[in-house]
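Chemist: Pasting a predicted model and its sequence here:
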Amino acid sequence: MDTLSGVPPRSADPHLHQRIINTAARLLATEGAVSARRLARELGTSTMVVYTHFGGMDELSRQVMRRGFGDFGAELDRGAVTDDAVADWMTYLWSYRRFALREPHLYAVMFGPGLAAFRLGDPADLEAARSTFVSLLRRIHACVNAGRWEVDDVTTAGEAVWSGVHGHTTLEHTGFFGAVGRDPVRSFSEILTRMSIGLGDDAPATARSLSTARRRAVRADRTDAASAR
């Protein structure tokens with residue numbers, strides 16, 4: 001087994017733990033698999049670093065997924081609950097898109113083939129994977145309770161919404177909109193508008209909520225950009 005080559009236990013680099021997770025996510029998304037040797041080569045460390053920090057590759061894979069869903073949930077719940085439930089729902093979905101575009105490798109791993117195995121593991125993993133969808137259902141319930149929508153089956157509505165937004169972000173990741181000369185923001189706005197009207201809202205009220213949600217999304221994008229500098 002490789003030695004640590006001078007790297008002390010847990011490493012002198014306080015950011016190495018996170019670097020390992022980020023690099024593993026990227027390799028999983030771009031190459032479909034990752035080994036301790038491949039990861040070590042990418043990081044410029046020994047293979048022992050993986051075992052020092054995670055005990056092995058299986059636990060590292062779980063940690064990638066856990067970190068992804070934890071960060072994803074925090075992003076989705078970033079928006080406040082206000083008296084405009086539809087704007088809050090739209091804000092949630094703009095946050096979904098923002099996370100997917102900001103963390104493309106992590107997002108690809110989270111919703112890739114490994115998701116099924118992850119959900120069959122630790123009950124905490126199942127809860128992590130489910131919690132983001134449950135959060136969406138709460139937003140839909142709020143729109144119904146506010147009298148804006150009429151929804152007989154909230155779970156089915158949530159599945160339809162999730163599928164539409166996931167499909168859009170997946171297309172955006174591929175570069176589709178740029179390739180065909182279309183504006184992904186305009187397309188995403190249209191999806192949210194048509195969903196809201198289809199769920200029972202009237203067009204003028206939906207337009208007002210969309211305007212509110214877009215302002216919030218722009219502010220959040222600016223905040224993220226400022227933090228990244």
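Modeler: Arrived safely, thanks for sending.
Chemist: And the closest residue to Val34 other than its chain neighbours, how close does it get to Ala40?
Modeler: Nearest in space to Val34, with sequence neighbours left out and distances taken as C-beta to C-beta, 6 or more residues apart in numbering, is Leu27 at 4.1 Å. (Each C-beta comes from the backbone N, C-alpha and C, glycine too.) Look at Leu27 and Ala40: by C-beta to C-beta, to the nearest Å, they are 11 Å apart.
Chemist: does the residue nearest to Val34 count as helix, strand or coil?
Modeler: Under the three-state scheme (DSSP: H, G, I helix; E, B strand; the rest coil), Leu27 adopts helix.
Chemist: now stretch 159-175: mean pLDDT?
Modeler: Average pLDDT, stretch 159-175: 95.
Chemist: Which positions in it come out as buried?
Modeler: By neighbour count with 16 or more other C-beta atoms under 10 Å, stretch 159-175 contains the buried residues 161-162, 164-165, 168-169, 172.
Chemist: Can you pull out the low-pLDDT segments for the protein?
Modeler: Scanning the chain for pLDDT under 70 picks out 1-14, 113-121, 228-229.
Chemist: what are the ranges of the strands in it?
Modeler: Taking DSSP state E, the chain contains no strands at all.
Chemist: Tell me which residue is most central in this structure.
Modeler: Phe72 (4.2 Å; C-alpha atoms, centre = their mean).
Chemist: what's the distance between that one and Phe99?
Modeler: For Phe72, the distance to Phe99 - C-beta to C-beta - is 6 Å.
Chemist: tell me, what's touching the two both at once?
Modeler: Here Phe72 and Phe99 share the contacting residues Tyr107, scored by C-beta atoms under 8 Å, 6 or more residues apart in numbering.
Chemist: okay, now the residue nearest to Val34: neighbour count?
Modeler: 19 (other C-beta atoms under 10 Å).
Chemist: Pretty sure it sits against Leu39.
Modeler: Yes - taking contacts as C-beta atoms under 8 Å, Leu27 lies within contact range of Leu39: 6.6 Å.
Chemist: quick one: the longest helix along the chain to chain centroid distance?
Modeler: Assignment by DSSP state H gives helix 203-228 as the longest helix of the chain. With C-alpha atoms, centre = their mean, to the nearest Å as the basis, helix 203-228 stands 18 Å off its chain's centre.
Chemist: the domain parsing of this protein - what is it?
Modeler: Following automatic domain parsing, the chain resolves into domains at 16-55, 64-228.
Chemist: Now do the helices in the chain.
Modeler: 16-31, 36-43, 48-54, 57-76, 85-102, 104-110, 114-119, 123-145, 154-174, 176-179, 184-198, 203-228.
Chemist: Check which helices and strands the first one sits against.
Modeler: Counting by 3 or more C-beta pairs under 8 Å, 6 or more residues apart in numbering; DSSP states H and E, the packing neighbours recorded for helix 16-31 are helix 36-43, helix 48-54, helix 57-76, helix 104-110.
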